[in-house]
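Peer 1: A predicted structure for the sequence below; I have some questions about it.
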Amino acid sequence: MAKVTARWSGHKVKFDIESASGHTASVDEAPIFGDDEAMRPTEMLLGALGSCTGLNAVLLLKKFKQPFKSLAVEVEGEQEKDWPRRFTKIEITFVIGWDGKHDKDEVDHALDMACNRYCPIHATLSRGTEITHRRRDA
């Protein structure tokens, strides 16, 4: 089971996140709530989607022997105006730099698989997930 712990830093709304694998990140909000010292949680969600689909795209493009030299994944999300301001639409754009002739159909197939077959973040967001919560005293 994947696990992370988000701990309040003790200052405004900044949280430090640590994964079970020992990696860390931070989240914050813009002033007046926060000090704008880290990504917003919503930005981190989009970043998780972009990096997850992106790493799968890299692996599949290599497997399909497509001569790419660069890959950037741009992820944009439209949010509702009212709270909780959920995302209503998310668009992923793969910006690929080429180092030779590539097969458009193979590339399209690789990107489709990167999103719809192999990325757990994409599957979670597009197919829905049961989320529960509970409380435990420290």
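Peer 2: Sure thing, it's come through.

Peer 1: What strand or helix carries the residue positioned nearest the centre of the chain?
Peer 2: Residue closest to the average C-alpha location in the chain (CA atoms, centre = their mean): A48, at 1.6 Å. Applying DSSP states H and E as the criterion places A48 in helix 41-63.

Peer 1: tell me what whichever helix or strand comes after that helix is packed against?
Peer 2: Note on helix 41-63: by DSSP H and E, the next helix or strand toward the C-terminus is strand 68-79. If you count contacts as 3 or more CB pairs under 8 Å, 6 or more residues apart in numbering; DSSP states H and E, strand 68-79 packs onto helix 41-63, strand 87-98. All C-beta atoms are positioned from the backbone trio N, CA, C, and that covers glycine.

Peer 1: list the buried ones in strand 68-79?
Peer 2: Within strand 68-79, the residues scored as buried using 16 or more other CB atoms under 10 Å are 68, 73, 75, 77.

Peer 1: What is the neighbour count of the nearest residue to the residue nearest to the centre of the chain once chain neighbours are set aside?
Peer 2: Among residues not flanking A48 along the chain, I121 sits closest, at 5.1 Å (CB to CB, 6 or more residues apart in numbering). Around I121 there are 17 other residues, counting by other CB atoms under 10 Å.

Peer 1: Tell me how far I121 lies from S51.
Peer 2: I121 sits 8 Å away from S51, going by CB to CB, to the nearest Å.

Peer 1: do E78 as well
Peer 2: Counting by CB to CB, the gap from E78 to S51 is 20 Å.

Peer 1: ok so, going back, highest mean neighbour count across the helices and strands packed on strand 68-79, which stretch is it?
Peer 2: Per-stretch averages of neighbours, counted by mean count of other CB atoms under 10 Å, single out helix 41-63 among those, with a mean of 17.
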